[in-house]
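> take a look and give me a structure for this.
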Amino acid sequence: MESVFGSMNACKVSGCAMKNSVAIVLSVLLVAANPVHSQDVPQSYPFARYPAQGLYKGGPVPPKLTSPTQHQFRTVLRKGAQKGPNFAGHYTVVEWGCGSNCVVFAVVDAVNGKVYDSGMPSVNDEYPCGLLYRIESRLFVVEKSSTPNGDCKARFYTWDGSRFIPDDSASSPEGGLTWIRLQQRELSQHDDWWSINVKYPIIETDNTFNTAIRRQVTATADGFRKGLPSTASKGYPDYGAYLKGRYTAEILKNGVISVLFDYDEYTPGAVHPWGVMASINYDTRSGRFLGISDLFRPGCNYVSRLSEISIHELEQHEYAQETAIRNGAGPVEKNFQVFTLTDTELVLHFQQYQVAPGAVPAEQVSIPLSNLAHLLQKDYLAGQ
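Numbers count the residues shown, from 1 in each chain. Model (predicted):
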């Protein structure tokens with residue numbers, strides 16, 4: 001921790017690319033520089049664990065510049081402060097560039113205009129990836145890498161109203177779990193008339209999760225290639241086959257990672273593309289992959305309850321077809337194989353054509369975990 005501007009000037013003199021941090025803690029924090037790295041999936045940091053004490057609703061007081069260095073950067077500080085609070089309730093974090101692979105930031109109090117410029121977290125001692133913070137939280141995250149294109153790692157700090165305090169406890173979710181970081185990878189293959197492009201997540205240092213994810217993606221790609229008609233390129237020269245895959249991922253407070261894959265596939269000769277979904281739910285606490293039955297207490301009739309809720313919800317949707325719904329969401333476990341979790345909900349995903357005509361987008365039903373509390377295992381109750 002050091003003076004922001006002092007470290008920036010030292011960097012200019014020595015020619016270092018990322019030495020020492022440059023940051024002013026202004027009661028108003030402004031962001032003016034983009035992260036160096038953007039390839040990573042947005043992270044699930046525990047901002048909610050460090051709530052700010054109220055949000056300032058008034059107009060920001062201009063920064064009170066008290067040092068020669070603050071006066072040197074008066075323009076960027078004033079412009080940043082004008083945007084209003086973006087950190088810890090009534091502070092504004094202002095970021096700006098200071099050359100290649102260099103980020104400067106400062107903190108100003110929107111209530112009284114006080115500027116803080118000492119004891120800042122180090123940023124430029126390595127290659128900065130970005131600074132992360134929220135107006136409703138006191139948590140401040142510095143992401144940086146030891147190499148120009150290396151993986152970004154996080155350092156955590158909390159703001160006490162006048163300084164940043166290192167906080168290693170923020171690196172673990174509730175319960176002392178190792179903090180989870182997702183990164184995006186991509187499977188890309190192609191031939192003269194077909195292509196595959198599938199994006200998928202991995203977890204740093206978790207080979208169990210990574211192996212299962214890659215196996216799922218590879219199996220889907222292999223199935224697509226094997227299903228291609230051998231004469232398609234001759235019979236349909238103007239239409240290329242493709243498999244595209246994207247995903248969403250949720251990191252729950254209890255350490256469960258919930259991933260939904262959404263594949264879009266087309267084969268020459270087909271009337272239109274079609275979609276297929278797959279889900280992976282992984283409990284990092286036990287290293288187990290969760291099927292729908294693993295969420296519920298042994299012996300309880302959860303399938304009937306899920307079916308009852310789903311049918312009632314789906315019948316309210318536009319273009320509802322009673323027969324399709326009662327078949328596709330009937331009390332059979334296989335109807336609920338694709339599911340994801342949030343901290344408060346179980347989300348059931350239904351494949352194209354499963355409960356509605358093909359022209360209707362894929363349907364889903366979100367069920368509050370509180371509505372299933374009497375059926376769920378205690379590890380998967382809301383807030384656990």
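> three-state assignment of the closest residue to residue 188 other than its chain neighbours?
Nearest non-adjacent residue to residue 188, counting by C-beta to C-beta, 6 or more residues apart in numbering: residue 197, 5.2 Å away. To be clear about C-beta, it is placed using only N, CA and C from the backbone, and glycine gets the same treatment. Classification of residue 197 by DSSP: H, G, I helix; E, B strand; the rest coil places it in strand.
> tell me the bridge partners for residue 197.
For residue 197, the residues forming beta bridges with it (DSSP bridges) are residue 188, residue 244.
> now swap in residue 116 and tell me
For residue 116, the beta-bridge partners under DSSP bridges are residue 25, residue 107.
> assumed residue 379 was part of a helix.
Yes. Counting by three-state DSSP, residue 379 falls inside a helix.
> what's the spacing between residue 92 and residue 252?
Distance of residue 92 to residue 252, computed by C-beta to C-beta, to the nearest Å: 31 Å.
> hmm, I was thinking of residue 197
Per C-beta to C-beta, residue 197 is found 28 Å from residue 252.
> what about residue 304, how many neighbours?
Residue 304: 11 surrounding residues under other C-beta atoms under 10 Å.
> what about the stretch 51-200 of the chain, any weak spots by pLDDT?
Residue ranges of the stretch 51-200 of the chain with pLDDT under 70: 169-179.
> in it, which spans are strands?
Shown for the stretch 51-200 of the chain, the strands assigned by DSSP state E, counting those that start in this stretch span residues 91-97, 103-109, 115-116, 127-133, 139-145, 153-159, 164-166, 182-190, 194-203.
> can you check the stretch 251-384 of the chain too?
Taking DSSP E, counting those that start in this stretch, the strands of the stretch 251-384 of the chain run over residues 256-266, 274-283, 288-289, 339-341, 345-350, 363-368.
> mind putting these into TSV with mean pLDDT and mean neighbour count?
Formatted as TSV, the strands of the stretch 251-384 of the chain follow (pLDDT from 0 to 100; neighbours: other C-beta atoms under 10 Å):
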stretch	mean pLDDT	mean neighbour count
strand 256-266	93	20
strand 274-283	93	19
strand 288-289	93	13
strand 339-341	96	21
strand 345-350	95	21
strand 363-368	92	18
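> domain ranges for this structure, per the record?
4-171, 202-207+228-239+247-380 (automatic domain parsing).
> winner for burial among those?
With neighbours taken as mean count of other C-beta atoms under 10 Å, the domains of the chain reach their highest mean count in domain 4-171, at a mean of 19.
> and the strands of the stretch 251-384 of the chain as JSON lines, adding distance to residue 135?
Formatted as JSON lines, these follow (distance: least, C-beta to C-beta, whole Å):
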{"stretch": "strand 256-266", "distance to residue 135": "27"}
{"stretch": "strand 274-283", "distance to residue 135": "31"}
{"stretch": "strand 288-289", "distance to residue 135": "37"}
{"stretch": "strand 339-341", "distance to residue 135": "27"}
{"stretch": "strand 345-350", "distance to residue 135": "25"}
{"stretch": "strand 363-368", "distance to residue 135": "27"}
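> for those, which one sits closest to residue 316?
Ranking those by proximity to residue 316 (C-beta to C-beta) places strand 363-368 first, at 10.3 Å.
> tell me the angle that closest one makes with strand 256-266.
Strand 363-368 runs at 170 degrees relative to strand 256-266, counting by axes from the mean of the first three to the mean of the last three C-alpha atoms, to 10 degrees.
> parallel or antiparallel, list what pairs with strand 363-368.
Here strand 363-368 is paired, per DSSP bridges, with strand 345-350 (antiparallel).
> quick one: the partner strand to strand 274-283, angle?
Calculated by the same axes, to 10 degrees, strand 345-350 forms an angle of 150 degrees with strand 274-283.
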